[in-house]
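Chemist: kindly return the folded structure for what I paste below:
(2 chains)
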Amino acid sequence: MKSFDYVRPATVRDAVTAAVEPGAVYLAAGTNLLDLMKGGVTAPNRLVDITHLSGLDRIEELPDGGLRIGALIRNADLAHDTNFARRFPAVAEALLSGASAQLRNAATVGGNLLQRTRCAYFFDTAGACNKRNPGSGCDAQGGDNRLHAILGWSKSCIATHPSDFCVPLVAFDAVVELEGRAGCREIPLETFHRLPGDRPDRETVLEPGEMIVAVRLPADAARFATNARYLKVRDRTSYAFAVVSAAAALRLEAGVIADGRLALGGVALKPWRARNAEKILIGARADTPLFHRAAEAALAEAKPSGDNGFKIELASRVVARALALAAAGTPERMPALPASPFTALSGVLTHG
Amino acid sequence: MGFSTTLTINGVTRTIALDDPRVTLLDLLRERLDLTGAKKGCDRGQCGACTVIVDGRRINSCLALAISHDGASVLTIEGVADGDRLHPVQEAFIAHDGLQCGFCTPGQIMSAIGLIQEGQAGTDPERVREGMSGNLCRCGAYQGITAAVLQARKTLDAASRKEVA
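Modeler: Here you go, the predicted model:
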């Protein structure tokens, strides 16, 4: 690992000043950053340790009914917060389907949004990767790419965004609060991550030094609490990134979908909101044929980026299944295997 | 440039000088404090052999910078027994053959202690397996490990009920 300066600022303002310098990065838990530094994938000159800053580790109720989640809240603490899990069960389920208990105990909310792709060619410093080394090419194309993107990819990059947490967040119109040199601003999570285009090295809309200070869920997101699920197909039962995942949430009125939300994970370089599918759902009767039509709409633009054509059909089935699970109702207790397709469709449900 | 970090390790508070901020908590424990119970398996947060409990949470010490944990309280495998009396989780691992070669065992035991404290798994073997999925065992002692965790939880539960009564 390359040597670096270590600074521990006392305030957010000092942190921003310290992190504006080229080659400086923020350190929160470091579960992703240290891994990348050990592999030589990233080699920052300076680590700005924000873990000792105060005020970033609170979950706050907002006057309008929304929830503000501090950037340093640990993934496990958020998922197990009773009030949070009751109001946003699909977000809790997504959190608990990610990584391992040890990593969830350390990893933060802000860090989750900023984690890097797990594309093997991004990690392999001997190979070409436009994200790691702009202009060098993309060894994933023509390489081992069965897990790569089927939506929003470009000739420059076919990697996916690895987060589970971000998938229901984007479905629920989460907002990211940022603080930078120019002060505070907020942007929808949906526009926070960039698609690769011809600059896959630019991963988010963050300006130099800009820090995530909180993520907000609007009050409206809690209206789906009785019918909200996250479903994640993995190569292993547990402790694996998504091959494909989906967050589905429905607001049902006498069997008719008054409002619906859908987002996919593991399919693109950002959490993928499926608005076309939502349009098909809203106002329609919640049944299996409808869910399949919505799934088809969600994947209408999908194209294989290599040896991953199977992911299109898989994603379509995952979407239809996630919608069926949401329609059946949020389970009263978190399933033993959160987000697992091995959870029975019926017999475990108490809501709805 | 010199750095230092103050840690309370197994109940003893000490300030440790660091000549380099790159030192992980795992390397600090193993290489500088002679606490070699936590193991360096993958060193990348994938195997769980380095699991220790920091401020009440089980984490991978290989992915934690020692300097960033200034002020933290750390519990390692060396600190769980009461003199010659093993911790109930250690006893259960022996009783249920929860190990073969033993390399992953300190991490497994620290993870199990964390899991039981978190209180999410209860008596459900499926929840125990899910909660222990961050600890790999190449000998494949998983059945014994699951049985040991369930047994230890029962023992600790009975002990805490006795304390309350």
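
Chemist: hey, which strand is longest across chain A?
Modeler: Ranked by residue count, the top strand of chain A under DSSP state E comes out as strand A:242-253.

Chemist: name the helices or strands packed onto the helix or strand just after that one?
Modeler: Toward the C-terminus, strand A:242-253 is succeeded by strand A:256-265 as the next helix or strand (DSSP states H and E). Here strand A:256-265 touches helix A:166-171, strand A:242-253, strand A:272-273, helix A:275-281, helix A:288-298, helix A:310-328, going by 3 or more Cβ pairs under 8 Å, 6 or more residues apart in numbering or on different chains; DSSP states H and E. Every C-beta, even on glycine, is put in place using the N, C-alpha and C of the backbone.

Chemist: is stretch A:98-106 anywhere near chain B?
Modeler: Yes. Interface with chain B: stretch A:98-106 contributes A:99-103, A:105-106 (Cβ under 8 Å from any Cβ of the partner chain).

Chemist: and the residues you listed, which is closest to residue A:336?
Modeler: Sorting the residues of stretch A:98-106 next to chain B by distance to residue A:336 puts residue A:101 at the head of the list, at 13.6 Å, by Cβ to Cβ.

Chemist: can you report how many residues lie near that closest one?
Modeler: Residues lying near residue A:101 (other Cβ atoms under 10 Å in any protein chain shown) number 27.

Chemist: which residues does it contact?
Modeler: With contact set as Cβ atoms under 8 Å, 6 or more residues apart in numbering or on different chains, residue A:101 has these partners: A:76, B:58, B:111, B:114-115, B:118, B:131-134.

Chemist: any idea how far it lies from residue B:119?
Modeler: 12 Å (Cβ to Cβ, to the nearest Å).

Chemist: can you check residue B:15 too?
Modeler: Counting by Cβ to Cβ, the gap from residue B:15 to residue B:119 is 34 Å.

Chemist: quick one: contacts for residue A:98?
Modeler: A:75, A:104, A:112, A:163-165.

Chemist: Provide the secondary structure category for it.
Modeler: The three-state assignment at residue A:98 reads coil, by DSSP: H, G, I helix; E, B strand; the rest coil.

Chemist: find me the pLDDT at it, would you?
Modeler: On pLDDT, residue A:98 comes in at 98.

Chemist: go on, residue A:349?
Modeler: So residue A:349 comes in at 45 (pLDDT).

Chemist: same question, residue A:345
Modeler: pLDDT, residue A:345: 60.

Chemist: same check, this time on residue A:132
Modeler: 98.

Chemist: any idea how far it is from chain B?
Modeler: Remark: distance between residue A:132 and chain B (Cβ to the nearest Cβ, to the nearest Å) = 17 Å.

Chemist: quick one on the thing from earlier: which helices and strands sit right next to the longest strand of chain A?
Modeler: Using 3+ Cβ pairs under 8 Å, 6+ apart: strand A:242-253 touches helix A:89-96, helix A:166-171, strand A:228-234, strand A:256-265, helix A:310-328.

Chemist: ok, the residue in chain A positioned nearest to chain B - contacts?
Modeler: Residue nearest to chain B within chain A: residue A:100 (2.5 Å; Cβ to the nearest Cβ). By Cβ under 8 Å, 6+ apart, the residues touching residue A:100 are A:239, B:48, B:133-135.

Chemist: would you format the residues you listed as a markdown table with pLDDT, neighbour count and distance to residue B:54 included?
Modeler: Output for the contacts of residue A:100, formatted as a markdown table (pLDDT from 0 to 100; neighbours: other Cβ atoms under 10 Å in any protein chain shown; distance: Cβ to Cβ, whole Å):
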| residue | pLDDT | neighbour count | distance to residue B:54 |
| --- | --- | --- | --- |
| A:239 | 96 | 20 | 20 |
| B:48 | 98 | 28 | 14 |
| B:133 | 98 | 21 | 20 |
| B:134 | 98 | 27 | 15 |
| B:135 | 98 | 27 | 16 |
